[in-house]
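S.K.: Fold the stuff below for me.
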Amino acid sequence: MRFLILLLVAGWWCRPAAAQAPTPPLAPEAAALVGTYRLTYRPDSTDAKTRTEILYLWLGKTLSQFQSQGQQAEDSLATAMDKLPFNQETVTLLTTQLLALPHSRFSYIIYKATAPRRVYFFDRIGIQHYRYEEPADAFAWTIMPTTATVAGYICQRATTTFGGRQWEA
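M.R.: Next comes the predicted model:
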């Protein structure tokens with residue numbers, strides 16, 4: 001077990017630095033509004049078991065960022081650990097921190113830019129980072145008459161169909 005943890009930590013330091021990953025710059029402190037969502041979903045449509053995760057949406061003037069709590073925590077830890085030397089003390093610290101992080105099934109980050117109107121998807125498979133993009137108008141939302149007040153903002157319900165599923169916001 002100790003060897004497995006050491007291998008995990010060594011792999012962490014051998015990965016490309018977080019700054020090398022192709023991500024647009026939108027730090028949470030640059031956001032004008034931050035939304036926190038509790039997503040309850042069913043990973044397998046044939047199984048009634050559901051999972052719940054916390055997701056964040058940072059809204060800036062020209063760019064928004066969507067990311068899971070677990071991925072955001074991992075990215076923050078990676079940024080902090082990249083500044084530390086590789087020794088037994090930092091290996092122990094990293095191992096402790098990694099085990100304490102919330103596990104997420106969502107490793108991707110989604111950015112939406114207003115000019116040009118594009119949606120950028122960033123994901124990681126192993127240590128490789130991948131990016132693809134789509135036009136922002138790929139989703140045909142239907143605005144519903146229902147409204148609610150959230151954090152002092154009047155919000156209007158909307159629905160769309162995408163990927164064979166019905167979505168609502």
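S.K.: Remind me which helix or strand the nearest residue to Thr36 once chain neighbours are set aside belongs to.
M.R.: Using CB to CB, 6 or more residues apart in numbering and skipping the chain neighbours, the partner closest in space to Thr36 is Tyr56 (5.9 Å). Yep, even glycine has a C-beta here, placed from its N, CA and C like the rest. Secondary structure assignment for Tyr56, by DSSP states H and E: strand 51-59.
S.K.: Any buried residues in that strand, and which?
M.R.: Glu53, Leu55, Tyr56, Leu57, Trp58 (16 or more other CB atoms under 10 Å).
S.K.: Parallel or antiparallel, which strands does that strand pair with?
M.R.: Here strand 51-59 has these sheet partners by DSSP bridges: strand 33-41 (antiparallel), strand 63-68 (antiparallel).
S.K.: Quickly list what the residue nearest to Thr36 is bridged to.
M.R.: Thr36, Gln67.
S.K.: Roughly how far does it sit from Gln71?
M.R.: 9 Å (CB to CB, to the nearest Å).
S.K.: Contacts only, for the most centrally placed residue in the chain.
M.R.: In the chain, the centroid-proximal residue (CA atoms, centre = their mean) is Gln67; its distance is 2.0 Å. Residues in contact with Gln67, defined by CB atoms under 8 Å, 6 or more residues apart in numbering, are Leu55, Tyr56, Asp75, Phe106, Ile109, Ile110.
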